[in-house]
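In: fold the stuff below for me.
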Amino acid sequence: MTAAILSTVWGSDAAIPLKQHITLQIQLPLVITAILVGAALASSGATLQVVLRNPLADPGIVGITSGASLVAAILLLVTPSWASEYFHYLLPLGCFIGALASTLLLYAMARRLLGSSTAVILCGVAISTLSGAIISWLYMFSDANALRNLTFWLMGSLYQTNWPILMVGAPLIITALGLQSYFAGDLNKLYGGDIAAKNSGVNVEKLTERCLLVCAVAVGAAVSMAGSIAFVGLLIPHILRLVIGHNNRFIVPLSALAGACLLLIVALSSELTRAITLPVSMITATLGGPLLIWALYKGQVRG
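Out: Residues are numbered from 1 along each chain as shown. Below you'll find the predicted structure:
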């Protein structure tokens, strides 16, 4: 698929400097961003669903993406011109801080509400709503150009990244993916409940805190690279669990692989419709909505 995307640019005369520039500065970052962001969101969704004991846990639904997007929106609007050369460092850092703040708030509320699945989701909805309200206020103080860029970025775009941002965000996502796979064996023990997990040697609180921190890193880096993208972290783990079961040793890495493939398909679709650049969230929601309904229906029938 990578070759298919790149071939649309190289054509038959790959030696032309303009085509080389387009490939190296636009197409290749597009492909790498799609792979990393898709993997980060799907793997984080799979991890959160086990840690929060809720099959609807998703970086977008529980507010982690919203927290990262809020800080990113603030940075996009208020970063002074003299600091623009450091923006590729500020954006991933700001997104991580926003994602981490949302994650810690969610975790604190989940503990206070005794792990109620419904309460966790409602808390996430509240975080997302509050973040959206603040972003709406920011819209009122934005000029037309900033407003357009912010709107499109918040709907998700694989074209917003560049090599400096990738150099910062890619190592964070790769490290987070490795840690999520490393924690997968202990995540399996959470299925039996906290008491059973503790009896098997798992420090449940420490595992939960580490997983949430790692997910915040992955989601924060993903948002800094591609904006807010919906449905990937919710849809992919659901379908995989219907197909291969609930063993997180397979679910977590396969979720990362499937998420990367999904966003590569989105990237290819965007390249094939060059007349208009489609927001990524619009495509993922269009693809994901019917598939999620199907997955839930099949799961109910089998259960």
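
In: would you map the helices across the protein?
Out: 2-10, 17-22, 28-51, 64-78, 87-112, 117-139, 144-154, 163-189, 194-199, 204-226, 232-244, 248-272, 280-302 (DSSP state H).

In: helices or strands next to the longest one in the packing?
Out: On a contact count with 3 or more C-beta pairs under 8 Å, 6 or more residues apart in numbering; DSSP states H and E, helix 163-189 meets helix 28-51, helix 87-112, helix 194-199, helix 204-226, helix 248-272. All C-beta atoms are positioned from the backbone trio N, CA, C, and that covers glycine.

In: about what we covered before: just say which of the helices of the chain is most tucked in.
Out: Mean neighbour count (mean count of other C-beta atoms under 10 Å) peaks for helix 28-51 among those, with a mean of 28.

In: V168: which of the helices and strands packed on helix 163-189 is closest?
Out: helix 87-112 (4.8 Å; C-beta to C-beta).

In: considering the helices and strands packed on helix 163-189, which stretch scores lowest in mean pLDDT?
Out: Mean pLDDT is lowest for helix 87-112 out of those, coming in at a mean of 84.

In: and the gap between M140 and H246?
Out: Using C-beta to C-beta, to the nearest Å, M140 is found at 46 Å from H246.

In: the more surrounded of those two?
Out: H246 (13 against 7; other C-beta atoms under 10 Å).

In: that one against Y191, yeah?
Out: Yes: between H246 and Y191 there is a contact under C-beta atoms under 8 Å: 6.9 Å.

In: find residues that contact each of those two.
Out: Residues touching both H246 and Y191 (C-beta atoms under 8 Å, 6 or more residues apart in numbering): none.

In: coming back round to it: any chance of TSV for the helices and strands packed on helix 163-189, columns distance to Q160?
Out: Shown next, in TSV, are those (distance: least, C-beta to C-beta, whole Å):
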stretch	distance to Q160
helix 28-51	8
helix 87-112	10
helix 194-199	40
helix 204-226	6
helix 248-272	13
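
In: how many neighbours does W82 have?
Out: Neighbours of W82 (other C-beta under 10 Å): 7.

In: number the residues from 43 up from this point.
Out: Taking 43 as the first residue, the last one we looked at is W124.

In: now do the contacts for it.
Out: Counting by C-beta under 8 Å, 6+ apart, W124 touches no other residue.

In: what comes up buried for stretch 197-207?
Out: For stretch 197-207, burial by neighbour count (16 or more other C-beta atoms under 10 Å) applies to M197, G198, S199, L200, Y201, Q202, T203, I207.

In: can I get those in CSV with distance to V167?
Out: Formatted as CSV, those follow (distance: C-beta to C-beta, whole Å):
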residue, distance to V167
M197, 19
G198, 20
S199, 25
L200, 27
Y201, 30
Q202, 26
T203, 29
I207, 29
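
In: which among these gets closest to E127?
Out: If you rank those by distance to E127 using C-beta to C-beta, I207 comes first, at 12.7 Å.

In: from memory the closest one sits against L135, does it?
Out: No: here I207 does not reach L135: they are 11.3 Å apart, not a contact under C-beta under 8 Å.

In: excluding its backbone neighbours, what's nearest N289?
Out: In this structure, N289 finds its nearest non-sequential neighbour in N230, 6.4 Å apart by C-beta to C-beta, 6 or more residues apart in numbering.

In: could you check how far that neighbour is from Y181?
Out: Distance from N230 to Y181, counting by C-beta to C-beta: 44 Å.

In: same question for L329.
Out: L329 is 28 Å from Y181, by C-beta to C-beta.

In: repeat that for L119.
Out: For L119 relative to Y181 (C-beta to C-beta), the value is 9 Å.

In: list the residues that contact both of these two?
Out: L192.

In: thinking again about what came up before, nearest to A99, of the helices of the chain?
Out: Of all the helices of the chain, helix 70-93 sits nearest to A99, with 4.1 Å by C-beta to C-beta.
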